Structures are given as structure tokens and as C-alpha cells.
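Participant: Could you look at this predicted model? Sequence included:
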Amino acid sequence: MPSLMYSALNLRPYLLAEKALNDSYWFLAIGYFNVMLPSFLPRSGEFEATFWHRARLAKTQSTDAVKNPMTVSRSREMARERGRRARAWAKEDDDKASGVWKAPPSAPTKKGPPSSALIGLSLLGNLDGIYNHAAFSEIELDTLTTGSRQRAGGMLLFGYTFVGRLWISLGYDENGFDKEVVERFWNNVLRCTEDFLIN
């Protein structure tokens, strides 16, 4: 069974520029796409070759998502769906607060393989182009803190470069995962980074 990951896509290059929206911190223009990779490792052979092969597969899938002619229309439809869900959750919160909420009937169980993403990928790129270090010469920036809206039971892996260094961080819902499993996963991420990217 393949592993399913999701990532966000900046939609601003696809949209008409409007100063009021571009200058606003409240206007978010993102879409989402999935990356699917095999979830197994070969029993023998070159693990490094497997790593780089899968990295190329992920890059190809990401590039295909960005260049897809349906990107904007698909993102609009996804935004409508997210809007419907957000309004339903807001109503549920309001109903709970006023004491009139009733649990909905349980949804029928789905048949077939699971279709939920295991982890989110946030590949932010080179952030040195955003922060003008020379403009603030009195302040030496050496790191930054990312923020995310992570869903319950979610896991999000960040990757970016800043001040000429590669940064990788993992955020996850502590109530949604066994701590030992997450620590083993994170240790393997760090080990692969060390083995395949640094050494």
C-alpha cells in the first residue's frame, strides 16, 4: 500500500493581482495536492538509490500538480468544500456553546483502502529571499519559528533553508500518535538526512 502525503500550493501566481488582497495578511491563496510513494523499503540493495529515486518521484508529482491546467478550478472547488465544512464546524461550536447541540447520526463505514494522508509536507523553500538581513544589520537572525494550523490527529513535516542552512522540523498532535512511534519516525528522518543529504 502506498503512503499518502499532502502539501500546500501557492495560488497567487495563478490569480489576478489585486492590491487590497495582496497587501492583506487575511487573504490566503493556497490549494492542496497529494504525493504518493511506496511505503516499503527493498529488502536489499542500495537504500541511497531508493531514497533519491523516491525524491525524484515526489518532485515530479509536485511539479505536475503545479503545472496542471486544472489547478485553479480544482482549488476553487476544494475551497468551496472547505468553506462548507468550516461553516458546519462553526455551527456545531455555536450549538454546543448554547446547549442545543445534538450528535449527528454515525456515518456509514467506508469500504476499501484508507484514503487519509499520513503526514503533511510543508516545503517552504529558501526563506532568505523573504527576510532582508541587510536591512536589519543590528539584528542577527539565525532561526525562525514556523506556525501551522494542524488538524487533530495530524502530523506536519516542515523543510526550508534559512541563513544558508537546511531546517527540518516535525509537528504532531500528541494525542493522536504513540510517542515512541513518532520518536522512531523522527530519528529515522534525521538519520536519513544525515546519511543521504549531509555525508
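Facilitator: In hand now; what should we look at?

Participant: Only C-alpha atoms from now on, for both contacts and neighbour counts.
Facilitator: Fine.

Participant: number of nearby residues for the closest residue to residue 2 other than its chain neighbours?
Facilitator: Of all residues not flanking residue 2 in the chain, residue 38 sits nearest, at 4.3 Å (C-alpha to C-alpha, 6 or more residues apart in numbering). Using other C-alpha atoms under 10 Å, the number of residues around residue 38 comes to 10.

Participant: Surely residue 38 touches residue 5?
Facilitator: No - using C-alpha atoms under 8 Å, residue 38 is not in contact with residue 5, being 11.2 Å away.

Participant: that older thread, for the residue nearest to residue 2, give its distance to residue 50.
Facilitator: Applying C-alpha to C-alpha, to the nearest Å, the value for residue 38 to residue 50 is 10 Å.

Participant: Work out for me the element residue 55 sits within.
Facilitator: Under the criterion of DSSP states H and E, residue 55 resides in helix 47-67.

Participant: so who does residue 32 touch?
Facilitator: Contacts for residue 32 (C-alpha atoms under 8 Å, 6 or more residues apart in numbering) come out as 6, 7, 8, 9, 75.

Participant: Tell me how many other residues surround the residue nearest to it when sequence neighbours are not counted.
Facilitator: Excluding the flanking residues, the one nearest residue 32 by C-alpha to C-alpha, 6+ apart is residue 8, at 4.4 Å. By other C-alpha under 10 Å, 17 other residues sit near residue 8.

Participant: Tell me the secondary structure at residue 8.
Facilitator: Three-state call for residue 8 (DSSP: H, G, I helix; E, B strand; the rest coil): strand.

Participant: Wait, it touches residue 31, no?
Facilitator: Yes - contact criterion C-alpha under 8 Å: residue 8 and residue 31 qualify, at 5.6 Å.

Participant: Correct me if wrong: residue 4 contacts residue 37.
Facilitator: Yes - judged on C-alpha under 8 Å, residue 4 makes contact with residue 37 at a distance of 6.8 Å.

Participant: helices and strands of this structure: which one has the lowest mean pLDDT?
Facilitator: Each helix and strand of the chain was given a mean pLDDT (mean pLDDT, DSSP states H and E); the minimum falls on helix 19-22 at a mean of 70.

Participant: Thank you kindly, that will do.
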